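1. Kindly return the folded structure for what I paste below:
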Amino acid sequence: MTSALTDIIPSDWALWSKSKPVLIRPLLGGLTNKSWLISADNTVMVLRQNSSISAALNLDRVTEAQVLKLADRAGLCAPLIHYDADYQYMVGHFVSGQHWRADAAGLTSLAYLLRSIHGLAAVDGYLDINEKAASYWRAISSAAEYAADLKNLAGDVVPHIEYAKTLSAGSCLCHNDLLLENVIAGDDGRLYAIDWEYAAMGDAFYELAVIVEGHGLNEQQQRMLLAEYLQRPLQPDDWRRLYHWRVIYAYLTVLWYAVQWSSGVMASAKTANDIAEQICALRTLMNIEQI
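-> Got it, this is the predicted structure:
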């Protein structure tokens, strides 16, 4: 499958459609993959072409395909139509709706979605923080102007990883990327998670940290989300556990951008500046609470 507009539709489209799909328009906003809105069999679909640097980003497409089947059966994702056997592309139904809002009702519905995802059957893929960070580091250019600052940061994150492990209550299946563009409040009244490429077994509080950091939730919103998710009053260890995972997520995020910059996908002065700002923000976060 190529990126030329005339070659967007996969040559094996007959595996999942009775009529040849028609390209409607590109879908903008994705940082990793390329996606298009298409139409076939009187159905609007989303065609996603997997990133050419999937390996550098440590993406496990086999696990993603496995998870999508589970999520699809549970009604938690955009209904799956086809996942290419060579893991180059996937097709799903287009879910009409709005982006999720972090108000009281939204936090309650998101907590319910999280409990549903975390209750899915176990899969083979596991989020190993040290392994993922090491994978990112192998793809980051040592010549980058921010490389030294990143190296200094790496050692300071180690205690947070160790403390998070001591507070862990075990692993469950997590989406691990529930940012704004990946949570859709459907017109049917249901909440859907899309783009499951980071899904893996892991700590539920990493999932919560992604949401807190990715959506910029304030303390009141954080407490509401935690209480709704846990279905009980918060304990001090809950707050500490979330804090350490927030640091870890912020660290992996800055490494992710460094990989994108190093690979040439996002090799701009703006990206380099954003990385420097993220390093500063992470330093600030790490100074909030003493380990």
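2. low-scoring pLDDT stretches of this structure, where are they?
-> 1-6, 289-291 (pLDDT under 70).
3. Centroid-nearest residue for it?
-> residue 177 (1.9 Å; CA atoms, centre = their mean).
4. Which residues are in contact with that residue?
-> 195, 196, 197, 198, 199, 210 (CB atoms under 8 Å, 6 or more residues apart in numbering). From N, CA and C alone the C-beta is placed, and that goes for glycine too.
5. Hmm, residue 180 and the last one touching each other?
-> No - with contact taken as CB atoms under 8 Å, residue 210 and residue 180 are classed as non-touching, separated by 11.3 Å.
6. Touching, residue 21 and residue 40? I think so.
-> Yes - between residue 21 and residue 40 there is a contact under CB under 8 Å: 3.8 Å.
7. Which neighbours do these two have in common?
-> residue 13.
8. returning to what we had before: residue 210 and residue 180: which has the busier surroundings?
-> residue 210 (24 against 15; other CB atoms under 10 Å).
9. Would you map the helices across this structure?
-> 61-74, 104-118, 129-139, 147-167, 204-215, 219-230, 236-263, 269-286 (DSSP state H).
10. now residue 143: how far from residue 190?
-> Separation of residue 143 from residue 190 (CB to CB, to the nearest Å): 47 Å.
11. For the two, indicate the residue with more neighbours.
-> residue 190 (14 against 7).
12. and the more buried one, what is it in contact with?
-> Here residue 190 is in contact with residue 75 (criterion: CB under 8 Å, 6+ apart).
13. Near residue 113, how many other residues are there?
-> Quick note: residue 113 (other CB under 10 Å) scores 20 neighbours.
14. Report the contact partners of it.
-> Contacts of residue 113 by CB under 8 Å, 6+ apart are 76, 183, 191, 193.
15. Next: residue 265.
-> Neighbouring residues of residue 265 by CB under 8 Å, 6+ apart: 51, 53.
16. quick one, phi psi at it?
-> Phi and psi for residue 265, reported as degrees, to the nearest 10, are phi -70, psi -40.
17. do you know how far it is from residue 198?
-> Taken as CB to CB, the span from residue 265 to residue 198 is 17 Å.
18. That concludes my questions; thank you for your assistance.
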